[in-house]
Each structure stands twice: as C-alpha cells, then as structure tokens.
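S.K.: here are the coordinates; sequence isn't available:
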C-alpha cells in the first residue's frame, strides 16, 4: 500500500486520480508537531506553500520517496536535504504562469490608476475627492522586468498590448524578444518595475536603498515574485518620501506580514499572495502535481523532478529500457566483485547524449539498496568511487552498447550490454568473452575450464537439489580455454549447494547474483 499525505488544499478534480486499490490517502491540515510525529508512515507528501519540509522533518521521513510541491517555488523545501536522502522533489513550473502574469498586469493597472485607494474613498462617501486619484497611462511608459523567465515573458507580451516599452534584466538570458539591459540601466530608465526572479543568495534584497536611489522619481513598483527580493524598510521609506509614487506587493519577507513596514502605506497596495490563485490554476496545478507524484512513485515517469540528475520528462519512457540495462550492469558488477568497487569507467556507443543518465543508472546498480537516481552521484562521491568516461575499451561490435569496467582492490572486470529489438536487455560481453545472456532473476555466474563434463556435472548437482535451470548461456575464449556460464534459475541456490558446486572438477569460480 502506498501512503500519501496531502496537507494543503487541492482541487476536488485532482482526487479522482487517487482512487486506486494500492493507494491510501490522508488529506488533512496538521500542526508541525503532528506532522513530525506521523511523517514516517508516508511514501509521498503533497504540499503547497505553507508546509515546511526541512532537515528535521526529512530525518523522520523514513519511507518518504516523493515530495510534490504544487507550484514552482521551493522556498519551503530543503532541496539539498531531500537529495541527500534520495527523496524526489517535483513541482509544477508552467501551470501558474498565466495566472501570475495576469495578476501582475492587474497590479500594474492598480498602481497606475490608484484603483484600490479610489474604491476606498467611495466606500467612505468621499466622491468629491476623486481628483486626488488621477493616475497615469501605461501607454508609452517603460516597464522594466527584473527576471525574464516564464512569467516575465508572459507579462512582457501582455504589457506590449498596452503599448508599453518593455526592457528586462536577467543575467541568465542571452536572447529575448525585448531589450535586455543591465540592472543599473533598468533602474534608471523604467517608469514601472516588476519583479519576476527567484529568491536565492544572489537575489536577496536585490532592491535596496542604493537601487531605489538610482530609480526615476515617481517610479511605480510591483512585486508578485518573492518578498525577500526587496528591502522592505527602504522601500517603505521611499514610498513615504514620494520617490516611489506607488507600490503593489503580493509577497512579503515574512508571511503573514504582521510587522511589515509595507502595510498601511498611503500609496501602497498589499495582497495576500494571490498571484497564482485562480480557479483554473488551482485545478491544473492540483491535477498535475497528483499525477506527477503518482508517476514518480510508480516509476513510470519523472516529469518536473527538480533534483533528478539528468534530463527528465516525456522522453523517460523511451529511455527506460537503456536505464534498466545500465542499472543491471552496475548491479552485476557489484555482486561479482570480491571487495567494494573503487573505480568505474563507462563507455557508451550509439546512444548519443545519454552518457549522464546512463551513468546515474549504472551507479544506482553499483551502490545497491537505499540508493536511487536522485542520490546515486552524491552517495558514490561519499564512498570514494571514482567515475570516469572511457573511450576505446575492447568491446564487442554492436551499434548500441553500454559498457562498464569496474575495479576493486585486487581485480577488475569489463561487462557490456545491449538491447535487442530496442527493449530486451542482454549481457553480450564479460571481460574478453562474448556471450548472449539474460540479466534478470536469479543467475548463477560461473567461470570454468572449457572441458567435457562440466555442464553435465553442474546440471546433475542442481537437479539433485531441485534447482531448475531456465536458461544456460555460455561463452568461451577458445576451444579448451576459459568459459563463462550465465545460468538463469527458477529458484535460489542455498549456500551449501553453492559450496559443493565450487568444488566440482573444472570450476574456477561460481557466484549467485540477483538481478
């Protein structure tokens, strides 16, 4: 049974996806203390912006495999801590863009025309005071966008329809359909400034007293991104002095903003983090985060998993057979090595652009239980396993090939595999011996002298112990040389039977692996 905890509001439509015999759903608001107490029972946690997922919580989440964050921000999720523990974190980065962009335009109009203040005056019966609320037009004004990602681009498109001249500052964008400028030029030229950048160490307090001093007198500012982007005290002082003619903020440094200096400013508009709050956005975000969480839990897809160390998305289904093959090669290397692996070399032929995901999958197999695609590279580094990309290994001639040479204290082994018909995994080489073996289930891997009688003796011993042979694939260096057998079995081999098998004449080594 898969246990999923949902601690914040989702749309009713999304719950239709959660009706399955293998799912148990708890949908309830819980206190921090209660969440810490119960989180150990759940495989997935679906949240929005209120629930805080930090090291303390993750340390108690022994079963947790997926965190589904309905939205694009990760301000309330410790991504590094989740990655260390192999917990996937999935978000919905595209869904809220339209809602947030439209809300930004609404606030631009509000600060341009003093709409909330005029509304308040009418509510108080102050009709004759309407001249004090005369505003300015958007037409012909310069809008400076700080951040030009998905939402910034949507805002630019809509602002252009109002006849605004749009410029943007974003150090991570090289090309755009608006004029890109540096921050200083944006501050000096803009009549309106709107923030659309994530909050991190580089952007914290991006707009402070110095930046405000370089702005035009009478500039109007809108922030629907993150409160920590602005020095609230400096901004409040600028509004009171008239340097900033009007301000609209939907996000605050601390939420709820009980002591924010931005509250109750005469020319300030404050809203309770409503940028993405539309019926359409809630429904789309809820449905998508539920589906993504289920897909990640079941291993069928990994869309928008932020801490997946390779490109994910719609291509995963097509890539999955190759990932499984790489993982099996890694697992085979681990189980056949005499001591822990110290070095991994991987070479990929005919699978252009897949070296990184295949390396991650191979590492997952090498590292074994408790490790997944999320934390495999980190765990490998912590265990001191050197990982390199090889070229020119002595390999079998196949158009598509995944190969791995593994080294341990006193030995090494080369294993290569391919896919038949693009989906059936095969091991086609072990060291210098070509083979055609099926890497699944219980396998007896045996090296022996290529002499008469070995196969008969092994088969007789296994049969006497009621161990059925499903497949026997064999390769050899040359007639009378060394041979490798890859024997798929229907049941496991007890240790005493394995010991007896190793003592048979002609057997050099034998080991049981489980793939």
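M.R.: Done, it's in. These numbers come from a predicted model, not from an experiment.

S.K.: My read is that residue 22 contacts residue 43, right?
M.R.: No: with contact defined as Cβ atoms under 8 Å, residue 22 does not reach residue 43; the gap is 10.5 Å. To be clear about C-beta, it is placed using only N, CA and C from the backbone, and glycine gets the same treatment.

S.K.: Those two: who's more crowded?
M.R.: Neighbour totals were compared for residue 22 and residue 43, and residue 43 leads with 18 against 8 (other Cβ atoms under 10 Å).

S.K.: and for residue 22 and residue 43, which residues touch both?
M.R.: The contact sets of residue 22 and residue 43 overlap at residue 2 (Cβ atoms under 8 Å, 6 or more residues apart in numbering).

S.K.: ok, which stretches of the stretch 401-515 of the chain are strands?
M.R.: Using DSSP state E, counting those that start in this stretch, the strands of the stretch 401-515 of the chain run over 401-408, 411-420, 424-430, 433-437, 442-449, 469-476, 482-489, 507-514.

S.K.: Of all those, which one is nearest residue 135?
M.R.: strand 401-408 (64.3 Å; Cβ to Cβ).

S.K.: Show me what the closest one is packed up against.
M.R.: In terms of contacts (3 or more Cβ pairs under 8 Å, 6 or more residues apart in numbering; DSSP states H and E), strand 401-408 is packed against helix 316-336, strand 343-349, helix 355-367, strand 411-420.

S.K.: and the nearest residue to residue 365 once chain neighbours are set aside, what is it in contact with?
M.R.: Excluding the flanking residues, the one nearest residue 365 by Cβ to Cβ, 6 or more residues apart in numbering is residue 330, at 2.7 Å. Residue 330 makes contacts with 344, 361-367, 404, as judged by Cβ under 8 Å, 6+ apart.

S.K.: okay, now the closest residue in space to residue 347 that isn't next to it in sequence: neighbour count?
M.R.: Excluding its sequence neighbours, the residue lying closest to residue 347 (Cβ to Cβ, 6+ apart) is residue 390, at 4.3 Å. Residue 390 has 15 neighbouring residues, counting by other Cβ under 10 Å.

S.K.: and the gap between residue 390 and residue 361?
M.R.: For residue 390, the distance to residue 361 equals 16 Å [Cβ to Cβ, to the nearest Å].

S.K.: cool, residue 298 as well?
M.R.: According to Cβ to Cβ, residue 298 and residue 361 sit 17 Å apart.

S.K.: so where do the strands sit in the stretch 1-150 of the chain?
M.R.: Using DSSP E, counting those that start in this stretch, the strands of the stretch 1-150 of the chain run over 2-6, 23-27, 44-47, 66-69, 88-91, 142-146.

S.K.: now, of those, which is deepest in the fold?
M.R.: Highest mean neighbour count among these (mean count of other Cβ atoms under 10 Å): strand 66-69, with a mean of 28.

S.K.: what about that one, distance to the chain center?
M.R.: Distance of strand 66-69 from its chain centroid, counting by Cα atoms, centre = their mean, to the nearest Å, is 10 Å.

S.K.: if you compare the helices and strands packed on strand 401-408, which one is most tucked away?
M.R.: Per residue and on average, the most neighbours among the helices and strands packed on strand 401-408 fall to helix 355-367, with a mean of 23 (mean count of other Cβ under 10 Å).

S.K.: isn't residue 359 right up against residue 347?
M.R.: No: contact between residue 359 and residue 347 fails when scored by Cβ under 8 Å: they sit 10.5 Å apart.

S.K.: Quick check: neighbours shared by those two?
M.R.: With contacts taken as Cβ under 8 Å, 6+ apart, residue 359 and residue 347 have residue 389 as neighbours in common.

S.K.: quick one: pLDDT of the residue lying closest to residue 502 once chain neighbours are set aside?
M.R.: Closest residue to residue 502 apart from its sequence neighbours, by Cβ to Cβ, 6+ apart: residue 510 at 5.2 Å. Listed pLDDT for residue 510 reads 92.

S.K.: now residue 510: how far from residue 428?
M.R.: 21 Å.

S.K.: re earlier: TSV for the contacts of residue 330, including pLDDT and distance to residue 257?
M.R.: TSV is the format used below for these (pLDDT from 0 to 100; distance: Cβ to Cβ, whole Å):
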residue	pLDDT	distance to residue 257
344	94	51
361	92	46
362	95	49
363	95	45
364	94	44
365	95	50
366	95	49
367	94	45
404	94	54
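
S.K.: Can you tell me which of those is closest to residue 373?
M.R.: Distances from residue 373 to the contacts of residue 330, taken by Cβ to Cβ, are shortest for residue 364, at 6.0 Å.

S.K.: Was I right to think that closest one contacts residue 371?
M.R.: Yes: at 5.7 Å, residue 364 and residue 371 qualify as touching, with contact defined as Cβ under 8 Å.

S.K.: will you turn the contacts of residue 330 into JSON lines that also has distance to residue 502?
M.R.: Output for those, formatted as JSON lines (distance: Cβ to Cβ, whole Å):
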{"residue": "344", "distance to residue 502": "28"}
{"residue": "361", "distance to residue 502": "32"}
{"residue": "362", "distance to residue 502": "29"}
{"residue": "363", "distance to residue 502": "30"}
{"residue": "364", "distance to residue 502": "30"}
{"residue": "365", "distance to residue 502": "25"}
{"residue": "366", "distance to residue 502": "25"}
{"residue": "367", "distance to residue 502": "27"}
{"residue": "404", "distance to residue 502": "26"}
